[in-house]
Structures are given as C-alpha cells and as structure tokens.
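In: what would the 3D arrangement of this be:
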Amino acid sequence: MVYASHTVDGEPLQRIFYELYRDKAAFEAHEAAPDTRRYLAERGQYLAATEVDWLTLQAGLARGGQRKSWWTDYGDQLPPGTGEYLDLEAAATRISTYSPQIIPGLAQTADYAAAVVQATRPDLTAAQVCGLASIQQRRQSMADRNPVARQHFVIDEAALLSPVGSARVMADQLACLVAATTDQAVTHQIIPMAAIRTVISPAFAVLSSADPADPDVACTVGSGGQITLARRDADVAAARTTFDLLTHLARSAVSSARLIEKTAMSWAEQAAHKG
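Out: As a prediction, the model looks like this:
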C-alpha cells in the first residue's frame with residue numbers, strides 16, 4: 001500500500017490523501033486492521049467533513065507508470081489516439097484486428113510499412129517516413145516477446161491484391177505473411193472478394209487483457225489514421241459481434257494460408273518479370 005498526503009493551495013485546512021493498494025484484497029485487509037478501525041472511529045471529532053472518491057488505474061498507465069513510452073520520439077507525427085493505442089496493445093494478451101485495405105501493422109514488412117506511410121502521409125520527409133515505418137517493426141518485436149499474446153487477423157483479399165509499393169515490396173510482404181501462417185500464436189483469415197457482404201466495417205481492433213481489472217478496449221481507425229478508443233461494455237460487445245461476423249465471412253485459416261501463398265507467388269512472378 002502507498003499512502004500519500006497533499007495540501008491544497010488556498011485552503012490551509014484541507015488535505016488530500018491518496019491510498020494506492022495492490023488489489024482489493026489488500027484494501028480489505030488494511031480496512032480490517034485494528035489501528036485502521038480505531039482511526040476511522042475517532043477521526044470524526046477532528047474533521048469538519050470528508051469526501052471519498054474511488055479511482056481506477058488505466059491499463060497502459062498501470063503497466064508503464066511514469067516511464068517514457070517507447071513511441072514518444074515520434075509522438076508529434078502520430079495521428080491522434082495512436083500513442084495510447086500502442087501502450088494498450090503492448091499490454092494486451094489478445095489482439096483481434098480487421099483490416100479491409102492494407103496488411104495490418106503488426107504483420108507489415110519494413111518496406112511495405114514505409115510504402116503505407118508514404119501513401120497516407122505524402123507531406124512527410126524520407127526520414128520521418130522511415131521513423132514511422134520503424135514503429136511497426138517495434139510493435140512486432142514487442143508482440144513476439146509477449147509469451148501469452150495471441151493475434152487474430154481478418155483481412156480482405158483486396159489488401160493482398162492492391163499494390164502498395166512495387167511488385168517486389170508486395171511479393172516480400174506476402175511471403176512474410178505466408179511464413180507467419182505457421183505461427184501458433186497468430187491466426188490469419190482472408191475474406192475473399194467474391195464473398196457476399198453481410199457486414200461492412202472500417203478497420204478496427206479489440207484489445208483484451210488477462211487481468212479482469214483491465215477492461216477490453218475497442219479501437220476504430222478513422223480515414224486520417226486517427227484511432228478512437230471505446231471502453232463502454234456496449235461498444236466493445238458491438239465490436240466483438242462485428243469481428244465474429246467477419247470471421248464467418250472469411251475462409252478458414254488453412255484455406256486462407258493457401259490463398260496468401262498463391263497471391264504471393266503471383267506477386268513474385270510480376271516482380272521477376274519487371275526486374
């Protein structure tokens with residue numbers, strides 16, 4: 001337990017006390033202690049009034065404390081909401097992502113990531129593009145080091161077919177995706193172009209934590225790359241329902257792997273022809 005007292009500017013008789021407990025059990029044990037019970041029983045004669053507020057520590061802050069986030073060097077270039085999303089993603093044990101237009105950031109190669117940044121942010125310098133693209137590689141490295149993290153990607157086939165960068169960039173990107181289909185911690189599903197759309201959605205993700213104190217978060221990506229975070233139970237439930245519907249539209253993981261491999265070969269042939 002941490003117990004801290006603060007004075008209030010302009011209010012010499014007021015005090016603010018912060019109590020930080022490891023968990024609910026620690027709080028209950030403290031409240032049941034004889035000295036605490038004696039203090040609570042006798043404090044009234046010395047106080048004019050008391051007010052108690054309960055605060056919940058956010059997941060990203062709980063894990064990161066006051067440490068500098070790894071992405072802050074690029075904070076002024078990131079779209080709104082991205083920094084908080086990256087902190088939450090790093091702490092998540094399950095990441096469910098739907099991507100209709102591009103390969104998800106957690107699966108992008110360095111060259112593909114740079115091509116995406118260049119296409120979406122043509123105002124940036126080459127150095128800035130390189131810096132932002134490196135964020136995707138850092139995200140992947142952090143996810144790989146998390147032994148309990150599970151990733152589930154649902155990707156539209158259009159993302160496999162739409163050229164982002166050169167044919168060689170696409171060939172290398174899909175080859176990387178093919179290799180990743182053997183990772184037991186990652187599930188890839190592709191929604192074929194011919195699928196009858198019973199649900200249409202922009203890109204989004206749902207982040208989950210193994211800690212029940214950290215609620216799931218639904219994250220929607222806007223047209224400018226900005227990320228909106230939703231923590232309300234109804235919003236998260238709606239995102240989960242949409243994701244489940246999209247998984248039913250998509251091919252199985254095995255069938256999706258074959259489709260990715262076939263498309264990768266097509267891009268490799270184009271790259272060889274142009275090379």
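In: average pLDDT across stretch 141-152?
Out: For stretch 141-152, mean pLDDT rounds to 89.
In: kindly report the same for stretch 227-237.
Out: Rounded mean pLDDT across stretch 227-237 is 95.
In: tell me which strands whichever strand or helix holds residue 153 pairs with, and in which orientation.
Out: In this structure, residue 153 sits in strand 150-156 according to DSSP states H and E. Strand 150-156 has its sheet partners listed here by DSSP bridges as strand 94-99 (parallel), strand 186-191 (parallel).
In: out of the ones you listed, which comes closest to residue 125?
Out: strand 94-99 (26.5 Å; Cβ to Cβ). Quick note: C-beta positions are derived from backbone N, CA and C, even for glycine.
In: check which element follows the closest one along the chain.
Out: Next along from strand 94-99, by DSSP H and E: helix 110-120.
In: okay, angle between the helix or strand following that following helix and strand 94-99 too, please.
Out: The C-terminal neighbour of helix 110-120 among helices and strands, as given by DSSP H and E, is helix 126-145. With axes from the mean of the first three to the mean of the last three Cα atoms, to 10 degrees defining the directions, helix 126-145 sits at 140 degrees from strand 94-99.
In: secondary structure class for residue 198?
Out: Per DSSP: H, G, I helix; E, B strand; the rest coil, the secondary structure class of residue 198 is coil.
In: and the contacts of the strand holding residue 153?
Out: 93-101, 103-104, 106-107, 143, 185-191, 193, 243, 246-247, 250 (Cβ atoms under 8 Å, 6 or more residues apart in numbering).
In: one step back: can you put the strands paired with strand 150-156 in a markdown table and add mean pLDDT, mean neighbour count and distance to residue 147?
Out: Formatted as a markdown table, the strands paired with strand 150-156 follow (pLDDT from 0 to 100; neighbours: other Cβ atoms under 10 Å; distance: least, Cβ to Cβ, whole Å):
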| stretch | mean pLDDT | mean neighbour count | distance to residue 147 |
| --- | --- | --- | --- |
| strand 94-99 | 97 | 22 | 13 |
| strand 186-191 | 98 | 22 | 13 |
